[in-house]
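Undergrad: return a 3D structure for these sequence lines:
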Amino acid sequence: MLRTNLATRPFYNERLVHAVLGLVTVAALAFTVFNTVRIVTLRGRLAALEAEAAGTEAEAAQMRAEAEAVRQGLDPREVEAITAAATEANAIIDSRTFSWSDLFTHFETTLPEDVRIVSVSPRVERDGRMLMAIVVVGRRAEDIDRFVQRLEDAGAFRNLLSSQEAVNEDGLLETVLEGEYLRPAPARGAEGRP
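TA: Numbers count the residues shown, from 1 in each chain. Reported below is the predicted structural model:
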């Protein structure tokens with residue numbers, strides 16, 4: 001038996017090639033459909049966001065116009081009065097949060113044996129600084145100077161100076177010390193009460 005191929009064209013098995021091309025075509029069509037759906041969805045979202053942004057910008061412009069109208073209607077003297085009242089209220093709040101126990105602890109740790117404290121008068125300035133007037137009595141000026149030096153060295157006071165000195169009826173030197181109290185920041189939830 002003779003084995004020869006008499007066909008003008010040889011027969012090849014092309015099923016695998018057609019199957020791969022078919023799969024590639026289906027994948028390309030699926031990817032195209034996915035992208036088309038995604039583009040339509042994103043365009044819809046973009047339109048919604050643009051509408052929302054335009055509405056927000058219009059609302060912001062309206063609020064700016066209302067704020068400007070309110071500013072125009074304000075009396076500068078009223079604003080100054082309100083600012084002064086707020087400053088005074090803040091000073092009252094600062095004085096309520098003042099910790100007397102911290103102050104007395106500073107005094108207790110720095111007070112020399114021959115010096116006594118007669119009175120203490122704190123005062124909050126407009127800039128928030130706490131000024132303190134302390135009336136002390138002592139036998140000698142050196143003892144009072146040592147007290148002042150200890151307070152400043154401890155970091156509790158700054159620029160503590162004697163503003164008045166006199167000898168009282170007991171023969172003791174009575175001195176009024178004035179300076180800035182460098183109070184620690186109040187702890188949250190803690191209240192300093194006189």
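Undergrad: rest of the way, CA atoms for contacts and neighbours
TA: OK.
Undergrad: in this structure Glu165 contacts Val176, no?
TA: Yes: applying Cα atoms under 8 Å, one finds Glu165 in contact with Val176, separated by 6.5 Å.
Undergrad: ok, these two, which is more surrounded?
TA: Val176 (19 against 15; other Cα atoms under 10 Å).
Undergrad: would you map out the domains in the protein?
TA: Annotated domains of the chain cover 13-73, 99-181 [automatic domain parsing].
Undergrad: nearest to Ala84, out of those domains?
TA: Ala84 lies closest to domain 99-181 among those, at 9.5 Å (Cα to Cα).
Undergrad: pLDDT averaged over that closest one - what is it?
TA: For domain 99-181, mean pLDDT is 88.
Undergrad: I'd like the next helix or strand past the one helix or strand Ala53 maps to.
TA: For Ala53, the element it lies in under DSSP states H and E is helix 15-73. Using DSSP H and E, the helix or strand that follows helix 15-73 towards the C-terminus is helix 76-96.
Undergrad: show me what that next one is packed against.
TA: strand 115-124 (3 or more Cα pairs under 8 Å, 6 or more residues apart in numbering; DSSP states H and E).
Undergrad: pull out the buried positions in the strand it packs on.
TA: Val115, Arg116, Pro122, Arg123, Val124 (16 or more other Cα atoms under 10 Å).
Undergrad: mind listing what Asn159 touches?
TA: When contacts are counted by Cα atoms under 8 Å, 6 or more residues apart in numbering, Asn159 touches Glu152, Glu178, Gly179, Glu180.
Undergrad: what is the burial count for the last one?
TA: The number of residues packed around Glu180, counting by other Cα under 10 Å, is 20.
Undergrad: quick check: closest non-adjacent residue to it.
TA: Leaving aside its sequence neighbours, Glu180 sits nearest to Leu131 (Cα to Cα, 6 or more residues apart in numbering; 4.4 Å).
Undergrad: state the helix or strand in which that neighbour lies.
TA: Assigned by DSSP H and E, Leu131 belongs to strand 130-138.
Undergrad: angle of that strand against helix 76-96?
TA: Per axes from the mean of the first three to the mean of the last three Cα atoms, to 10 degrees, the angle that strand 130-138 makes with helix 76-96 is 40 degrees.
Undergrad: tell me how far Glu152 lies from Ser162.
TA: 13 Å (Cα to Cα, to the nearest Å).
Undergrad: my bad, Asp143
TA: In this view, Asp143 and Ser162 are 13 Å apart by Cα to Cα.
Undergrad: for Val136, same thing?
TA: According to Cα to Cα, Val136 and Ser162 sit 10 Å apart.
Undergrad: now list whatever residues contact both of the two.
TA: By Cα under 8 Å, 6+ apart, Val136 and Ser162 have these common neighbours: Thr175, Val176, Leu177.
Undergrad: can I get the residues you listed in JSON lines with distance to Thr56?
TA: Putting the shared contacts of Val136 and Ser162 into JSON lines (distance: Cα to Cα, whole Å) gives the following:
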{"residue": "Thr175", "distance to Thr56": "66"}
{"residue": "Val176", "distance to Thr56": "62"}
{"residue": "Leu177", "distance to Thr56": "60"}
